[in-house]
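Asks: Give the three-dimensional model of this entry:
(2 chains)
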Amino acid sequence: MITLIFIILALLGALSTYLLAQHKRFDAIRASALSAIFAYGLLWLFSDNPDLYALVFFGGTFIGMSAPHRFGFYTLTSSAIIFAPLFQYLVPKLNGYGGALGLSAFMAICVCHVAILLGAPRSIKKPPGLFGG
Amino acid sequence: MVKFFVVKYLAFLLGCTLCFVLHAQFAVPVVLAASITGLLGSFVPSTQAFGMHPRAAIYAGSFAGMCSAELIGDYWQLTLLALIGTSLYALTMNLFTGFGGKLGGVAFVSVALFMLTRGVL
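Replies: Sure, this is the predicted structure:
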């Protein structure tokens, strides 16, 4: 059950950042930071454990910081699904270490990249420079 | 090249310190501390010579600054952490471009190397 909530939050974080980063006034960093602040506000209002859920969302935003010409929706969705169990089982073992969230997100992206290299289906590539991200 | 490294070091140190101070001194939740630092850093003007690197270094520094106060005892330790982080950032600048989580990965490895160095020293 917790993993399902984690998957949904990571997915929301990844997709919101990915879409926001393609906006003219945003870049990946601003999109990730702004969506995390906005999500924390919402989670603080409506959830019983905003710190934990905001961490998952924040980790998801790292996945969404991927460049559109490298990874598309399909890959980001797969990465968010992989990220959720990594967050649940790996991050508690690295408690207190900065960057543990980013490492989990990076590992999730790397798993998808290796799968693509091995012939797994992937998102349709967007040409570089089409979006600002 | 030296100027480029110094700018990135200062950016990394700024991000690291600001995030650490926010959550360790003012009890701001770590997610908010890192994202506020990143958001402020995203308004740093970028020049053609440095590109987006100072902003990215600030954000990477803020991830490293998410360390618990039990791991970072003194503020001077942040300078060593930033030095390790900046070196890693500079070394991996052309690797994994466009991969999400790369900055966080750099931050984690710098924290791990910092802990190792501190243990040895």
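Asks: mind checking which helix or strand B:A60 is in?
Replies: Assigned by DSSP states H and E, B:A60 falls within helix B:53-64.
Asks: counting contacts, what elements does that helix pack onto?
Replies: Under the contact criterion of 3 or more C-beta pairs under 8 Å, 6 or more residues apart in numbering or on different chains; DSSP states H and E, helix B:53-64 touches helix A:28-46, helix B:2-24, helix B:30-41, helix B:76-91, helix B:102-120. Where you see a C-beta, it was placed from the backbone N, CA and C, and this is true even at glycine.
Asks: Determine which of these approaches A:L15 most closely.
Replies: For A:L15, the closest of the helices and strands packed on helix B:53-64 is helix A:28-46, at 9.6 Å, according to C-beta to C-beta.
Asks: so does that closest one get close to chain B?
Replies: Yes. Contact of helix A:28-46 with chain B (C-beta under 8 Å from any C-beta of the partner chain) involves A:I29, A:R30, A:S32, A:A33, A:L34, A:A36, A:I37, A:Y40.
Asks: Pick the one among these closest to B:N94.
Replies: A:I29 (18.7 Å).
Asks: who touches the closest one in this structure?
Replies: Neighbouring residues of A:I29 by C-beta atoms under 8 Å, 6 or more residues apart in numbering or on different chains: A:M65, B:G38, B:G41, B:S42, B:M52, B:R55, B:A56, B:Y59.
Asks: and it, what pLDDT?
Replies: At A:I29, the model reports a pLDDT of 92.
Asks: one step back: tell me the most packed of the residues of helix A:28-46 next to chain B, by neighbour count.
Replies: Most neighbours among those, by other C-beta atoms under 10 Å in any protein chain shown: A:S32, with 33 neighbours.
Asks: Check chain B for the residue nearest chain A and tell me.
Replies: Residue nearest to chain A within chain B: B:G104 (0.7 Å; C-beta to the nearest C-beta).
Asks: Make sure that residue is actually in contact with A:M107.
Replies: No. Checked against C-beta atoms under 8 Å, the pair B:G104 and A:M107 is beyond contact range at 10.1 Å.
Asks: of these two, who's got more company?
Replies: Shown here are B:G104 and A:M107; by other C-beta under 10 Å, B:G104 has more neighbours (29 against 17).
Asks: one step back: please identify which pair of the residues of helix A:28-46 next to chain B lies farthest apart.
Replies: Farthest pair in the residues of helix A:28-46 next to chain B (C-beta to C-beta) is A:I29 and A:Y40. Separation: 16.8 Å.
Asks: Give the burial count for B:A24, as a bare number.
Replies: When neighbours are counted by other C-beta under 10 Å, B:A24 registers 18.
Asks: Where does B:A69 sit: helix, strand or coil?
Replies: Classification of B:A69 using DSSP: H, G, I helix; E, B strand; the rest coil returns coil.
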